[in-house]
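# Quick one, fold the following:
(3 chains)
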Amino acid sequence: MTAKKLSLKQRYEFLTRDLDWEPSYQPVDSIFPYDQFEGIKIKDWSGWEDPFRLTMDSYWKFQAEKERKLYAVIDAFAQNNGQTGISDGRYINVLKLFLTAISPAEYQAHRAFAFTGRHLRGAGTRVACQMQSIDELRHIQTQIHTISHYNKFFDGMSEFPIQHDRVFYLSVPKSFFDDARSAGPFEFMIAIGFAFEYLLTNLLFVPFMSGAAYNGDMSTVTFGFSAQSDESRHMTLGIEVIKFLLEQHPDNLPIVQRWVDKWFWRGFRLLGVVAAMMDYMLPKKVMSWKEAWDIYFVEAGGALFKDLARYGLKMPKYANVATEACEHISHQNWGLFYQLCHVAGFHAWMPDAEHMDWLSEKYPNTFDKYYRPRFEMWAKQEKEGKRFYFNGLPQLCSCCQLPMLYTEPGDPTKTCFRNSTFKGTRYHFCSDGCKDIFDNEPEKYVQSWLPVNQIFQGNCGGATVPEVLDWYKINVGVDNCDYVGSPDETLWKSWMEQRFSEAG
Amino acid sequence: MSVVAITPDYEKHIQYRDEQALYHGALLVYVHWEEHLSFVSAFAVSLPPDTPFGAICEIAKGIYGDHPDAAQIDWMKVEWMIDSEQATPDFGKSIAENGVGHKSLIRFWTPGLHGYQGTPN
Amino acid sequence: MTQFASITLMQNDDARPIIDAILADNPGVRILSMPGAVKLDCDSRLTVSRASVEERLGRPWSLQEIQLVLVSMAGNLEEDDDLFTLSWHK
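The predicted structure is shown next:
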C-alpha cells in the first residue's frame, strides 16, 4: 500500500510546528529574553500564519533552482561582453550607488533577521525569519558577484564596504538599518518586514529592475528579479506580522501605529535616492518616480491600509506629505548629487534637452516652474567652463542624515527647517516626520554619527577635503566629479567607436 | 526616559555625539541663503566663539561665489535671522556676542536678489 | 479607489503559462506590461489555479513553483494544493 501524499498544510504542520518543543529545564522567558520589553502583548503564538507554508526542504530546492538560473545568466553576460551592450556609460553609476548603498543593507538585513528569528518565540515566525535571513545573505552575494564584472572595467565600485561605513550620503541607508537593528525584535519586524518590505520595496526593485532590463543590463535585472522572488515571501511575512500583532491584543495598536508612522517616513526619505536614480540616472526610462509612487504607494498602499483599517490602523501620519513631496524629491536629490559629486564615489551630469522635456511631461506641476531654471543655470555655467559645485559642507538632518535640502510642505520655494533642544543641545531636522522620530526617542538619536559633524570633530582622516576623500577611499579625478571627461566616459566612447568602425 | 530599552541603565551608556565639547572649543554654525535653493542646503562651519560676525559674510562669499547673484550682495542691506528670531548683527562683535550658539542656524535674505531669473534658485 | 489584488511575474517562458492561466481565470484583469515583468491587477481578488496552469503547461505543476517567477504581489495570500489566492478583506 502506498502512503498518501501529504497536503501542503499537513507538510507545513509536520515540518515546522512539529519540530518545535517545550523546554523542560529552562523557563521560556529566559530563552527568549527580547520579546517582551517593547510592550507588545502576545496571547497565543500559534495564531501566527505563514500562508506560503514553505518548509525548509522546499526552500532549499527552490533557492537552488533560482541560483542555477541566475548564475547561468551572469556567466553568459560575462562571456558575451554584455557590459558593452548597455544603453550608455552613464548607466553604470546606478550600479555604483546600488552596490555602495543597498547591497550592504542586504547584509544588515541578513544579520538582523538571524537575530530576530532567534529571539521571537513562535516556531512559524522563527522559520520564516530564518529563511529571510538566508535570502538576504544570498542577495548581497549575488549582487557582489554580478557587479564584480562591471568592476573590471568601470571605476568607483571596489571599496564599497568601507565606503558604506564612511561616506556622507551612505550614512543614510546605514543609519536606517542601524536604527532598525538596535530596536527590539518587534519594532524591527514592523520596520523592515512591514514598512520596508511590504510597503516600499516594490518601488526599489520592480520599476528599477525593469529599468535595468530596458537599459540592456541583463545581469542586474536577473539578480534583481531573483532577489525579488524572495521578496514576495518577505512581503507575506511583513503583512502577517502586522496582522498578528494587531490581532493579539488591542494594547498593541498604538505601539504599532507609531512604528508604522516612523518607518514609513524613514523609508520614504531613504527611497528618495532611488527616485533620483529612476528619473535622472537611467538613460532609457520605464516610468517616472511619481508614476511608480502612484502605483505602488497611493494605489497599492491605499488598498492595504483599507484592509488594515478593521484593526484600527491608520495610514502613516505623513503619507499625504510624502505624496505631495513626490513631485519634488527626485529633482531635489539629483541637484544634491550633481553639486556634491566632487565628494562622492560616482559621476553626475545635467539632463539634456530631450530628458528635460520628458521631466516636464512627467512633472507638469513642478518641473518647469521650480527645477528647469536651476538646471538651465547649471548647464549654462557648465558651457562657460564654470561647472557648479557646492563648495561647503552641507547641514545634515539629525534623523535621516540627508542634507537639509527639502522644502516646506506646500511651499517649494522655502527650505524646511525644524529643530528640537535636548539637554541643552540643539538638533536640526529636515521635516516634521524626522523631528517626530527624534522627539519620541531623543536618547537614541543624540548618538547619531553624522558624517559632516564628525569631519568637524576631527574623526574622518583630516581637516581638508582631500584628506577626507582619501579616508573615504575615493580616487579623486577618477571616481568622482562630472561624467563628462571621466575615465568611464573615455572607456565607453572607445567601445562605441570600436563598434562603429567594426560595423563600417 | 522615552526610549523603550531592555537595559534598565540605558541612560548611563548614552554616547552624546554632537555636544559642543567635541568641537575643540569651536561652535558648529549653520548658514543659509534664502531664495537660492540651487545651493543644496545651509552650509556648516565650525568657528571659535570670538570670531567676528563679519567673518560669516566672508565665508559665505567663498561658498556662494559661483552664483550670478553672489557678486551683487550688499551685505549692509542683508536681512538676518538667528535661530528663528530676526536679528541685526553687529559685524564687528563676535558671533557669541551676537547671540550665536552651538548649532545655531543663521538665515539671511538679500533684498532685490531673489534667485536665478527671479526663481528661488 | 479600487482595491486591486495584484501579482507581478517575470516576462519569460516559465511564467507565460501562469500569466495565460491568470488572464483566463480572472475576468477583467488589468495588465501593466513593463520591460522584464508584467503586473496583473484584479478588483479585490485574484487567483492562480494549479489545474489551469497544468492544462497549459502539459505536465504536473505545483503551485509553489510560482516562487521561481514571482516578482511581487499585493493582497492577503491563501495557498493550498489547488489554489493560490490574493484578496483584500471585504
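
# In contact with the residue in chain C positioned nearest to chain B, which residues?
Using CB to the nearest CB, C:Asn76 is the residue of chain C that sits closest to chain B, at 29.8 Å. The C-beta positions use only the backbone N, C-alpha and C, and glycine is treated the same way. By CB atoms under 8 Å, 6 or more residues apart in numbering or on different chains, the residues touching C:Asn76 are A:51, A:239, A:307, C:86-89.

# Just the buried residues from these, in ChimeraX please.
Under the burial definition 16 or more other CB atoms under 10 Å in any protein chain shown, those of the contacts of C:Asn76 that qualify are selected in ChimeraX by:
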select /A:51,239,307 /C:86,87,88
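
# For the contacts of C:Asn76, give me CSV that also has pLDDT.
Written out in CSV, the entries for the contacts of C:Asn76 read as follows (pLDDT from 0 to 100):
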residue, pLDDT
A:Pro51, 78
A:Ile239, 90
A:Asp307, 95
C:Leu86, 96
C:Ser87, 96
C:Trp88, 94
C:His89, 84
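
# name the element A:Lys43 belongs to?
Using DSSP states H and E, A:Lys43 sits within no helix or strand.

# Quick one, grab the pLDDT at the residue lying closest to it once chain neighbours are set aside.
The shortest distance from A:Lys43 to any non-neighbouring residue, by CB to CB, 6 or more residues apart in numbering or on different chains, is to A:Gln248 (5.5 Å). According to the predicted model, the pLDDT of A:Gln248 comes to 97.

# A:Gln248 against A:Ser46, yeah?
No - using CB atoms under 8 Å, A:Gln248 is not in contact with A:Ser46, being 11.3 Å away.

# The two: who's more crowded?
Set A:Gln248 next to A:Ser46 and count neighbours by other CB atoms under 10 Å in any protein chain shown: A:Gln248 wins out with 17 against 10.

# hmm, back to that, for the residue of chain C closest to chain B, which residues make a bridge with it?
Residues in a beta bridge with C:Asn76, per DSSP bridges, are C:Ser87.

# next one: B:Pro52
The bridge-partner assignment for B:Pro52, based on DSSP bridges, gives B:Ser94.

# And it, what's its pLDDT?
At B:Pro52, the predicted lDDT confidence score is 98.

# ok, now A:Arg11?
Among the per-residue scores, A:Arg11 holds a pLDDT of 88.

# helix or strand for it, which one?
According to DSSP H and E, A:Arg11 maps onto helix A:8-15.

# hmm, the following helix or strand past that helix in reach of chain B?
Using DSSP H and E, the helix or strand that directly follows helix A:8-15 along the chain is helix A:28-31. No - on the criterion CB under 8 Å from any CB of the partner chain, helix A:28-31 is out of touch with chain B, staying 12.7 Å away.

# I'd like the average pLDDT over the next helix or strand after helix A:28-31.
The C-terminal neighbour of helix A:28-31 among helices and strands, as given by DSSP H and E, is helix A:56-79. Confidence for helix A:56-79, expressed as mean pLDDT, is 93.

# what angle separates helix A:56-79 from helix A:8-15?
Going by axes from the mean of the first three to the mean of the last three CA atoms, to 10 degrees, helix A:56-79 is angled at 100 degrees with respect to helix A:8-15.

# That's all I had, so thanks and see you.
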